[in-house]
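Colleague: Got a predicted structure here, sequence first:
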Amino acid sequence: MLRIHFTDVDLARTRVVHEPDPLWEIGQSLHRFQTRQGRWAYAHWYRGTCQRLREGGQQRVLREMLLPLFHRGPYYPDFLNPAESSEGLAAGLEAVLATPARRVLGELRTLAEFSGAPPRLPELARPDGRGELVRALRDYHDTAIAPYGEEIQARIDADRAVRCRALLDGGVEAVLAGLGPDIRWRRPVLHVGHPTVDRDLRLGGRGLKLIPSYFCWQTPTTMADPAMEPVLVYPLHQQPSPVRSAGASLAALLGGTRATVLRAAAAGATTGELARVAGVSASSISQHTTVLRDAGLITSQRQAASVLHTLTPLGASMLRANVG
């Protein structure tokens, strides 16, 4: 159990990022190769990525460097998740490259204590070894993360719509209370379920950066060093799924009511709000949202007593093309 202790200042400084953090997504996606848990939810990504890794000749680097370094367990090095990564992949990789050698060696020794890391990893403390790592991370991102960028961003946008509504309805504490089934808010402590961690993190006025992750499965995570910027990487409520075929289901969208519902869902809307916008009954709107959801155009998430509907990447593309 991870226990995160808040002061009133920390609550005021808590925020949710608006874009995926590329290095956290790299690490969490590498964990998907190390367990079959949740594999069904990432089946489409897993098959496509494995094929591209083979075709690009990246399997050896994946096996000998990336998987041992991003070990799925109670620890992997903090220098792989610099705060600069929130500014984009290039900024994050520059920060990895600039990490002092002493820190890299220290964190690699800690990794070896937990996972028996291969002897080759200490080479990463040297500038040329770090350069090789940065190239491997960039190539892996291009292969495994970038092709799914639009879908990842759409999932995060949908999650932010849920968080914004919680913030307006109940403040920051409602946001914290609704992060997931393994996360409980008992003022002033956020209790985060974790099978291999038992520690306290005291924010001390620094606030908390909440990072929704597409590839994080069930177990939230944070930095190992409590002196680093406090973050909590948490899984998105709506689990990833294969891209659906757009075939015959989209024919059901032809009609004014469903087009109106689709446009209203762009900003996130509850079932009741959609019914009011479209001018139909709640039972009727449920039929329309079912068709849109089956066509892969919207996603629906329960929030307390309401269901919030937001666009999928396909739905957003439909609106951008002015279809319907």
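Modeller: That came in fine, so what should we check first? The structure presented is a predicted model; accordingly, all values stated were derived computationally and were not measured. Numbering: from 1, shown residues only.

Colleague: May I have the phi/psi pair for the most centrally placed residue in the chain?
Modeller: For the chain, the residue sitting closest to the mean C-alpha position, by Cα atoms, centre = their mean, is residue 213 at 0.9 Å. Dihedral pair for residue 213: phi -130, psi 130, per degrees, to the nearest 10.

Colleague: Please tell me I have it right and it contacts residue 24.
Modeller: Yes. Residue 213 is within contact range of residue 24, at 5.8 Å (criterion: Cβ atoms under 8 Å). Heads up, the C-betas are built off the backbone N, CA and C, glycines and all.

Colleague: distance of the nearest residue to residue 215 once chain neighbours are set aside from residue 179?
Modeller: Sequence neighbours aside, residue 28 is the residue nearest to residue 215 in space, at 3.7 Å (criterion: Cβ to Cβ, 6 or more residues apart in numbering). Here the criterion is Cβ to Cβ, to the nearest Å. By it, residue 28 lies 16 Å from residue 179.

Colleague: What of residue 122?
Modeller: 37 Å.

Colleague: So between these two, which is more surrounded?
Modeller: Set residue 122 next to residue 179 and count neighbours by other Cβ atoms under 10 Å: residue 179 wins out with 24 against 16.

Colleague: Using the three-state scheme, assign the more buried one.
Modeller: Look at residue 179: counting by DSSP: H, G, I helix; E, B strand; the rest coil, its state is coil.

Colleague: How many residues are close by residue 298?
Modeller: Counted with other Cβ under 10 Å, the neighbours of residue 298 add up to 26.

Colleague: re the thing from before, what bridges to the residue nearest to the centre of the chain?
Modeller: Beta-bridge pairing for residue 213 (DSSP bridges): residue 235.

Colleague: Which residues are in contact with it?
Modeller: Neighbour list for residue 213: 20, 21, 24, 25, 28, 233, 234, 235, 236 [criterion: Cβ atoms under 8 Å, 6 or more residues apart in numbering].

Colleague: just the buried members of these?
Modeller: 20, 21, 24, 25, 28, 233, 234, 235, 236 (16 or more other Cβ atoms under 10 Å).

Colleague: From residue 31, how far off is the fourth one?
Modeller: If I follow you right, that is residue 25. 11 Å.

Colleague: and for the two, which residues touch both?
Modeller: Taking Cβ under 8 Å, 6+ apart as the contact rule, residue 25 and residue 31 both touch residue 215.

Colleague: picking up where we left off before, just name the closest of the buried ones among the contacts of residue 213 to residue 87, please.
Modeller: Nearest to residue 87 among the buried ones among the contacts of residue 213, counting by Cβ to Cβ, is residue 21 at 9.6 Å.
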